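> Okay, here's the prediction I keep looking at, along with the sequence it came from:
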Amino acid sequence: MLSPMVKYVVLGVLVAVAAAALLAGPSLLRVGVEVDVSVPPPTAVRVSLNVTSQRGEETLPNVTRLRLGEETPVVFRVTDVVFEGNVSLALSGKAILRSVDGSRTYSIPMPCMVVKGTNCFRTMNIILGWDAPITIEPGEYVLTLKLSWFDASGDGKVSFILEVEKVGEASSIPNTTSCAPSMEVVGTKPENAEGWVIANGSTRSFATLVSPPKRLSNGCYVTYVWVWFFNGRPGSLNVEVVDPSSGKTLISRNVALVNVGAYEEVLLRLTLPPGTHLLKVSAGDKVFEAGLKCVTQPN
């Protein structure tokens, strides 16, 4: 049974990616799985994958077990991402929690878990268990992890920790009285948009890209939003941030775009409180939407 303190399952996933130019032979995928489980929960599982294909997928069944003594809201997230070498890839996954008696199954998509050196498109609908908590009924569950990757290239390794955390405890939320939502124009384009999420509604002619929210020392979160139009002249756009659970509008502002050659563009800096928010950017008949996952980090 989980204590009132935040409990989480830690999955350390190590992916080694070889250069696509070196691929050869009929078998492109070799998988080695090492599992080290400690009991009772929270359990710690380290999974090592050796990947030698530009794209592929792998299912890791019965990775670990999660025991819940009461209805528990949980959320999966990736932390502590470390890259070695010049590897690039886009990695997504799915966590499947299945009760040992077979009566209940929860499937949580985890799009764009780790992205470097390439783009990763995802639906911006709020995903329960990933963008916002999902409530799991009491019981014992077996966790199966499905991973898929594409655009893998280069030579090196990437490692990260996947956590499933109990949320909603007052003690886990920092003092956020100073986290008044704000927005400011900070330029026309970022120096590097690697790993940014492309919002729904984007095309090759116009797009909105969003950086992963980062936690500040005061408990607030900061994210950057880059909007650009190629050979388009909407002149301005409306930016809105909404709390999807309550429908409350946190930010609503009209922003002028800047002419930069054949482009009109703007770079915005948003400061937000912890939580899951929905970003809406509109210019004429063009509408972009993206989820902003400002999840409180554990101490």
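Yep, that arrived.
> can you give me the helices in the stretch 151-299 of the chain?
Per DSSP state H, counting those that start in this stretch, the stretch 151-299 of the chain has no helices. Nothing in it meets that criterion.
> in it, which segments are predicted with low confidence?
Across the stretch 151-299 of the chain, residues meeting the criterion (pLDDT under 70) sit at 156, 167-178, 217, 296-299.
> where's Glu184 relative to His277, distance?
Between Glu184 and His277 the distance, using CB to CB, to the nearest Å, works out to 17 Å. (Glycine included, C-beta is placed from N, CA and C.)
> Settle it for me: which of the two has more neighbours?
Remark: of Glu184 and His277, His277 carries more neighbours, 27 against 11, as counted by other CB atoms under 10 Å.
> my guess is the more buried one contacts Leu250, does it?
Yes. Proximity of His277 to Leu250 meets the contact threshold set by CB atoms under 8 Å, at 6.5 Å.
> which ones are touching Pro213?
Neighbour list for Pro213: 221-223, 272, 292-294 [criterion: CB atoms under 8 Å, 6 or more residues apart in numbering].
> Check those residues and tell me the two furthest apart.
Val222 and Lys293 (13.2 Å; CB to CB).
> Give me the more crowded residue out of these two.
When Val222 is set against Lys293 and neighbours are counted by other CB under 10 Å, the residue ahead is Lys293, at 21 against 15.
> same for the strand or helix carrying Val63, what does it pack against?
When secondary structure is defined by DSSP states H and E, Val63 falls within strand 56-68. The criterion is 3 or more CB pairs under 8 Å, 6 or more residues apart in numbering; DSSP states H and E, and the helices and strands that strand 56-68 contacts are strand 8-17, strand 44-51, strand 139-153.
> Quick one: mean pLDDT over it.
The predicted model assigns strand 56-68 a mean pLDDT of 83.
> partners of that strand, with directions?
The partner list of strand 56-68 in its sheet, established with DSSP bridges, is strand 139-153 (antiparallel).
> if we can go back for a sec, what touches both of His277 and Leu250?
241-243.
> tell me which of the residues you listed is nearest to Glu264?
Val241 (21.7 Å).
> thought that closest one was touching Leu250?
Yes. Here Val241 reaches Leu250: they are 4.5 Å apart, a contact under CB under 8 Å.
> which residues do these two both contact?
When contacts are counted by CB under 8 Å, 6+ apart, the set common to Val241 and Leu250 consists of 181, 272, 277.
> which residues touch the second one?
By that I understand Leu272. Contact partners of Leu272, counting by CB under 8 Å, 6+ apart, are 179, 181, 213, 220-223, 241, 250, 292, 294.
> For PyMOL, write the select line for the buried members of those residues.
Selecting only the buried entries of the contacts of Leu272 in PyMOL, with 16 or more other CB atoms under 10 Å as the criterion:
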select buried, resi 179+213+220+221+223+241+250+292+294
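> Now, the contacts of Leu272 that are in strands?
221-223, 241, 250, 292, 294 (DSSP state E).
> and the two most separated of these?
Val222 and Leu250 (13.9 Å).
> tell me the centre residue of this protein?
In the chain, the C-alpha closest to the average C-alpha coordinate belongs to Met113, at a distance of 5.2 Å (CA atoms, centre = their mean).
> residues near Ile136, how many?
A count of neighbours around Ile136, defined by other CB under 10 Å, yields 21.
> Surely it is in contact with Leu68?
Yes. Ile136 is within contact range of Leu68, at 5.8 Å (criterion: CB under 8 Å).
> wait, what's in contact with the residue lying closest to Arg67 once chain neighbours are set aside?
Using CB to CB, 6 or more residues apart in numbering and skipping residues adjacent in sequence, the residue nearest Arg67 is Glu140, 4.9 Å away. Contacts were defined as CB under 8 Å, 6+ apart; by that measure Glu140 touches 65-68, 99-100.
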